[in-house]
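Engineer: could you look at this predicted model? Sequence included:
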Amino acid sequence: MDRLFLALGAASAFVSVAAGAFGAHALKTKLAPDSLAVFETGARYQMYHAFGLIAAAWVAARCPSATSSAAGWFFAAGTLLFSGSLYAVALSGVRAFGAVAPFGGGAFMVGWALLAWSALRG
């Protein structure tokens, strides 16, 4: 599991950098400032949680457990739900997509709690 989470974390960081560059260059003149800020928030949180996935990989390698694996999966799900919904809101203008973001934020928080628990128990 540790190699999978490391690969997912690295891939997510790559996508976050690409999204940030896309937002800063291609979208700067196409989106309203508030929509651009939403897009940038999605990219920023995606990067934070790419690091979370890499941390989950490290903990899973040192202390393999169902808890460390669950932490990684919660980070991955949170990225899709939180950052994905913010990207959708910013690019489409459909604010209803934003209703998904709290579920992603909750997944992030569960992931961090599980990672801490796994590290303490390992």
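Structural biologist: Received the coordinates, thanks.

Engineer: residue at max distance from the center of this protein?
Structural biologist: residue 29 (25.5 Å; C-alpha atoms, centre = their mean).

Engineer: list the contacts for the spatially most central residue of the chain?
Structural biologist: Closest residue to the average C-alpha location of the chain: residue 79 at 2.9 Å, with C-alpha atoms, centre = their mean. Contacts for residue 79 were tallied using C-beta atoms under 8 Å, 6 or more residues apart in numbering; they are 12, 45, 46, 49, 50, 104. For glycine as for every other residue, the C-beta is placed from the backbone atoms N, C-alpha and C.

Engineer: please report phi then psi for it.
Structural biologist: Main-chain dihedrals, residue 79, degrees, to the nearest 10: phi -60, psi -50.

Engineer: same check on residue 18?
Structural biologist: phi -60, psi -40.

Engineer: quick one: neighbours of it, just the number.
Structural biologist: The number of residues packed near residue 18 is 11, by other C-beta atoms under 10 Å.

Engineer: measure it to residue 65 for me?
Structural biologist: 33 Å (C-beta to C-beta, to the nearest Å).

Engineer: any idea which element the closest residue in space to residue 23 that isn't next to it in sequence lies in?
Structural biologist: Spatial nearest neighbour of residue 23, chain neighbours left out: residue 39 (4.7 Å); criterion: C-beta to C-beta, 6 or more residues apart in numbering. Taking DSSP states H and E as the criterion, residue 39 maps to helix 33-62.
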